[in-house]
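Asker: here's a sequence, model it:
(2 chains)
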Amino acid sequence: DGGITQSPKYLFRKEGQNVTLSCEQNLNHDAMYWYRQDPGQGLRLIYYSQIVNDFQKGDIAEGYSVSREKKESFPLTVTSAQKNPTAFYLCASRRGGGSSYEQYFGPGTRLTVT
Amino acid sequence: DQQVKQNSPSLSVQEGRISILNCDYTNSMFDYFLWYKKYPAEGPTFLISISSIKDKNEDGRFTVFLNKSAKHLSLHIVPSQPGDSAVYFCAASMYSGGGADGLTFGKGTHLIIQP
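Answerer: Numbering: from 1, shown residues only, chains lettered A, B, ... in the order given. You can find the predicted model right below:
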């Protein structure tokens, strides 16, 4: 069963703590993405990676960091520098190649920081 | 500056009728457009897409129309079914040297199908 796994579904942290969100895919996709969604808003791009060991900042990268050591995994760290970390975080992947634009999403992680 | 706009936050349609969801964009560099369906607390599900070289793409009950000169696209759902009730996001992408960049999303339209 191919797909994208995000864990956990719900995550709670105290302000000032870093937290890492997991994203794993077994679709053999080359590219992976992180988005956040806030209430009443569309998804906004945080970081993306087209290949292993390479990634680029998206529109709202401040306060976040990522790594891409394996093709299957693209973890996102929400640092204490992120001013409004409470949000719904979505990971996506894309097959790769110039003709493929469709991204497929995981189930999301809702992060609450108090 | 919002590059992808969905100006109707919600839309109510009777079951069996046509649902038309609209989307406008401002960036002429976008060359691919997608529609996603999303339920609360779940990830978006890809529905249908269209390349900027086409003006129509059809898949079952779903048809997407693109008017490049007006920078406008629309999603038609015919006939509308109760299971279509969800939030629909319009998204746009452009190809860069390394591949497709991330998607730019509109804020979504909540479609409600009434029995």
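Asker: how much space separates B:Asp101 from chain A?
Answerer: To chain A, B:Asp101 is 7 Å away according to C-beta to the nearest C-beta, to the nearest Å. Any C-beta I mention is one placed from the backbone N, CA and C, and that applies to glycine too.
Asker: meant to ask about B:Gly108, not that
Answerer: In terms of C-beta to the nearest C-beta, B:Gly108 sits 6 Å off from chain A.
Asker: contacts only, for the residue nearest in space to the middle of chain A.
Answerer: In chain A, the C-alpha nearest the mean C-alpha coordinate belongs to A:Trp34, at 2.8 Å (C-alpha atoms, centre = their mean). Listed by C-beta atoms under 8 Å, 6 or more residues apart in numbering or on different chains, the contact partners of A:Trp34 are A:23, A:45-48, A:58, A:64, A:66, A:74, A:76, A:89-92.
Asker: for A:Val113, same thing?
Answerer: A:Phe12, A:Arg13, A:Lys14, A:Glu15, A:Gln17, A:Val19, A:Val78, A:Pro85, A:Thr86.
Asker: kindly report the same for A:Gln82.
Answerer: So A:Gln82 contacts A:Glu62, A:Gly63, A:Tyr64 (C-beta under 8 Å, 6+ apart).
Asker: could you pull out the helices in chain A for me?
Answerer: Counting by DSSP state H, chain A forms no helices at all.
Asker: residues in it within reach of chain B, list them.
Answerer: Neighbours of chain B within chain A, by C-beta under 8 Å from any C-beta of the partner chain: A:4, A:6, A:30-31, A:33, A:35, A:40-45, A:48, A:50, A:58-59, A:88, A:90, A:92, A:94, A:96-98, A:100-108, A:110.
Asker: change it to 7 Å
Answerer: Counting by C-beta under 7 Å from any C-beta of the partner chain, chain A comes close to chain B at A:31, A:33, A:40-43, A:45, A:48, A:50, A:58, A:90, A:94, A:96, A:98, A:101-108, A:110.
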